[in-house]
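>>> Everything below, folded, please.
(chains A and B)
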Protein chains: 2
Amino acid sequence: MKNSIGNVPGLAVIMVGQGRDSQTYVRKKLGACEEAGIQSKISTLPDNCTEDQVLNALSCFHEDPSIHGILVQLPLPQHLDEGKILNSVQLEKDVDGFHPINMGNLAMWGREPLFLPCTPKGCIELLIRSGVEISGKKAVVIGRSNIVGLPTSLLLQRHHAIVSVVHAFTRNPEQITREADIVVAAAGVPNLVRGSWLKPGAVVLDVGTNPVKDPSCEYGHRLIGDVCYEEASRVASAITPVPGGVGPVTVAMLLLNTLESAKRAYNFT
Amino acid sequence: MKNSIGNVPGLAVIMVGQGRDSQTYVRKKLGACEEAGIQSKISTLPDNCTEDQVLNALSCFHEDPSIHGILVQLPLPQHLDEGKILNSVQLEKDVDGFHPINMGNLAMWGREPLFLPCTPKGCIELLIRSGVEISGKKAVVIGRSNIVGLPTSLLLQRHHAIVSVVHAFTRNPEQITREADIVVAAAGVPNLVRGSWLKPGAVVLDVGTNPVKDPSCEYGHRLIGDVCYEEASRVASAITPVPGGVGPVTVAMLLLNTLESAKRAYNFT
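You can find the predicted model right below:
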């Protein structure tokens, strides 16, 4: 792209506050951009910034023709209206796919969202590349967050899976999960899914990234998933580890969305 | 409302073509408006009209301050881009709730759609008024259309049901349905759901309205549901009939959405 038209894709990140996890994620995303030849810009705002400051940062990136994707690093501090801010991201630059129009078009048949949210897109990519059939299979998504559980269930449905969503109000999550051919764990509860929750041969995608204290690690903690890997890997036919599973693929999908957006902007095929 | 502020709610219907079913539905909707004191206007366009003609009709109703709700009667003829037309309905008048922003906000947690689609809203209303607990219950939605199956599954999830969506790619719909406490049949297949599909005591909402030939009836056909009522009513603890079940409640929800929209427009509480 650089050689052909002299332009590269550009990604902008808006980060509010100094959350350690957010900083780590953002660092990974920006590092990946550099490796892939994607230009990146970052706007860091203090923890106590106003909504207007965030919206102003958004406006700058909306007007910047070198930026093709904008992501607002979540979670935002409590005093900011996350819905309002995400709704303000220009649809054409919404590489996270969290705008309600993108989400509505993801949900509805015969509509095409401009961008698929990165983690769900990564999950499907992992399944397809691993040769896992989705159509007609029973899938259980554990968790129903706007950024993972919900869009993953919608995307699996688009691929013709029979999807059940398990959440905190589910009395027998173990029993429901045990019926699934494909399990996506995105509840944010460390080691929630035990070996006994899985049907032998199930395919397991672990989206959880839960920090647990571990003094032997560099930062005093390490990340573990929502799935008890040791137990699950004995029952599942395939399973993603944490870290090193869905996470890096999610970052790759972010780069892919940014690239697609830039191609659209420059009419480059 | 009329006595207090001198205004009544107004509903506009855009109908393309002369489909008999559409005419019947529209007649029912307009009749219900009259009964409820809601003003109604209708724009009828020929079967071979252009997209621009439909969009022009929409524009007129957008600008008309006496109109608070607009519905485009579906299905539209094949040559019209249904998605484009529904996306053009002004969000504040989208009483059918089919705009992707409304659908996205229905899907996402912590967001409030301006309008809930009428059939799903009616289904929930029926459950609540009949004292059926939804939270924590297993619900199966059969069918995944944009106008019924999809939004009903999203709305049931909002009410904390554990929802599975069954569709044409499902190999064992009977088995999955038999696990449900609440069954919503919206596949458009007459008598699809037999008594053997149901768990004893299940609650059944039949959204199907399938015309079958019957020379003894006035128009040479009668409507039957997606559920074999005779069999199902022996197994279910509650069941809606067809006709006379979900249909009239759907119309009532349309009136309610129009009223809510008018209240919003006139700032009337």
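
>>> domain parsing for chain A?
Using automatic domain parsing, the domain parsing of chain A gives A:1-92, A:118-248.

>>> will you turn these into JSON lines that also has distance to chain B, mean neighbour count and mean pLDDT?
Backbone N, C-alpha and C define where each C-beta goes, glycine included. Below are the domains of chain A laid out as JSON lines (distance: least, C-beta to the nearest C-beta, whole Å; neighbours: other C-beta atoms under 10 Å in any protein chain shown; pLDDT from 0 to 100):
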{"stretch": "domain A:1-92", "distance to chain B": "6", "mean neighbour count": "17", "mean pLDDT": "95"}
{"stretch": "domain A:118-248", "distance to chain B": "4", "mean neighbour count": "20", "mean pLDDT": "96"}
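
>>> want to try TSV for these, with distance to residue B:191 as columns?
What follows is these, written out as TSV (distance: least, C-beta to C-beta, whole Å):
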stretch	distance to residue B:191
domain A:1-92	43
domain A:118-248	22
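
>>> So for residue B:40, which of those sits nearest?
Comparison of those against residue B:40 by C-beta to C-beta identifies domain A:1-92 as nearest, at 32.2 Å.

>>> So what's the gap between that closest one and the chain middle?
Centroid separation between domain A:1-92 and its chain, computed with C-alpha atoms, centre = their mean, to the nearest Å, is 15 Å.

>>> follow-up on the earlier one: nearest approach to residue B:10 belongs to which of the domains of chain A?
Between those, domain A:1-92 lies closest to residue B:10; by C-beta to C-beta that is 28.2 Å.

>>> Check the separation of the first and last residues in that closest one.
Terminal residues of domain A:1-92 lie 19 Å apart, using C-alpha to C-alpha, to the nearest Å.

>>> which element is the nearest residue in space to residue A:73 that is not next to it in sequence on?
Leaving aside its sequence neighbours, residue A:73 sits nearest to residue A:15 (C-beta to C-beta, 6 or more residues apart in numbering or on different chains; 4.6 Å). According to DSSP states H and E, residue A:15 maps onto strand A:10-16.

>>> CA atoms only for that strand - export them in PDB, please.
Extracted in PDB, the C-alpha atoms of strand A:10-16 (Å, rounded to 0.1, in the frame of the first residue of the first chain):
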ATOM      1  CA  GLY A  10      -3.400   5.000  10.600                       C
ATOM      2  CA  LEU A  11      -4.800   4.100  14.000                       C
ATOM      3  CA  ALA A  12      -5.600   6.500  16.800                       C
ATOM      4  CA  VAL A  13      -6.000   5.400  20.400                       C
ATOM      5  CA  ILE A  14      -7.700   7.500  23.100                       C
ATOM      6  CA  MET A  15      -6.700   6.400  26.600                       C
ATOM      7  CA  VAL A  16      -8.200   7.900  29.700                       C
END
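
>>> Can you tell me the strand partners of it and which way each runs?
strand A:39-45 (parallel), strand A:69-72 (parallel) (DSSP bridges).

>>> Can you tell me what sits against it?
With contacts defined as C-beta atoms under 8 Å, 6 or more residues apart in numbering or on different chains, strand A:10-16 is touched by A:22-23, A:26, A:29-30, A:33, A:38-47, A:49, A:54, A:57-58, A:61, A:64, A:66-73, A:76-77, A:80, A:93, A:95, A:254-255, A:258, A:262.

>>> need the helices for the stretch 1-150 of chain A, in chain order.
Residue ranges of the helices in the stretch 1-150 of chain A, as given by DSSP state H, counting those that start in this stretch, are A:2-5, A:20-36, A:51-63, A:82-87, A:100-107, A:118-129, A:149-158.

>>> list the contacts for the closest residue to residue A:152 other than its chain neighbours?
Among residues not flanking residue A:152 along the chain, residue A:120 sits closest, at 4.1 Å (C-beta to C-beta, 6+ apart). Applying C-beta under 8 Å, 6+ apart, we find residue A:120 in contact with A:148, A:151, A:152, A:154, A:155.

>>> Residue A:106 is in contact with the fourth one, correct?
Read it as residue A:154. Yes. At 5.1 Å, residue A:154 and residue A:106 qualify as touching, with contact defined as C-beta atoms under 8 Å.

>>> Kindly tell me how buried the nearest residue to residue A:260 once chain neighbours are set aside is, as a neighbour count.
The shortest distance from residue A:260 to any non-neighbouring residue, by C-beta to C-beta, 6+ apart, is to residue A:115 (7.6 Å). By the criterion of other C-beta atoms under 10 Å in any protein chain shown, residue A:115 has 26 neighbours.

>>> Residue A:115 against residue A:92, yeah?
No. If you go by C-beta under 8 Å, residue A:115 and residue A:92 don't touch, sitting 9.3 Å apart.

>>> between those two, what contacts are shared?
residue A:261.

>>> measure whichever residue of the stretch 101-250 of chain A sits closest to chain B to residue B:265 for me?
Here the stretch 101-250 of chain A gets closest to chain B at one residue, residue A:104, 3.1 Å apart by C-beta to the nearest C-beta. Using C-beta to C-beta, to the nearest Å, we find residue A:104 at a distance of 23 Å from residue B:265.

>>> which of the two has more neighbours?
Per other C-beta under 10 Å, whichever of residue A:104 and residue B:265 has more neighbours is residue A:104, with 26 against 18.

>>> OK, contacts around the more buried one?
Residue A:104 neighbours (C-beta under 8 Å, 6+ apart): A:111, B:99, B:100, B:101, B:102, B:103, B:104, B:105, B:107.

>>> Could you say which helix or strand holds residue A:247?
Using DSSP H and E, residue A:247 falls in helix A:246-266.

>>> Packing partners of that helix?
The contact analysis (3 or more C-beta pairs under 8 Å, 6 or more residues apart in numbering or on different chains; DSSP states H and E) places helix A:246-266 against strand A:10-16, helix A:20-36, strand A:69-72, helix A:118-129.

>>> can you pull out the helices in the stretch 151-269 of chain A?
A:173-177, A:229-235, A:246-266.

>>> Of those helices, which is nearest residue A:87?
Closest to residue A:87 of these is helix A:246-266 (C-beta to C-beta; 18.3 Å).

>>> The closest one vs strand A:10-16, what angle?
On the basis of axes from the mean of the first three to the mean of the last three C-alpha atoms, to 10 degrees, helix A:246-266 is oriented at 130 degrees to strand A:10-16.

>>> contact partners of helix A:246-266?
By C-beta under 8 Å, 6+ apart, helix A:246-266 touches A:1, A:5, A:7-11, A:28-29, A:32-33, A:36, A:38, A:65, A:68-69, A:71, A:92-93, A:95-97, A:114-116, A:118-119, A:121-123, A:125-126, A:205-207, A:209, A:240, A:268-269.

>>> hmm, 6 Å instead?
Helix A:246-266 has contacts (C-beta atoms under 6 Å, 6 or more residues apart in numbering or on different chains) with A:5, A:7, A:9, A:11, A:28-29, A:32, A:36, A:38, A:68-69, A:95, A:115, A:118-119, A:121-122, A:126, A:205, A:207, A:240.
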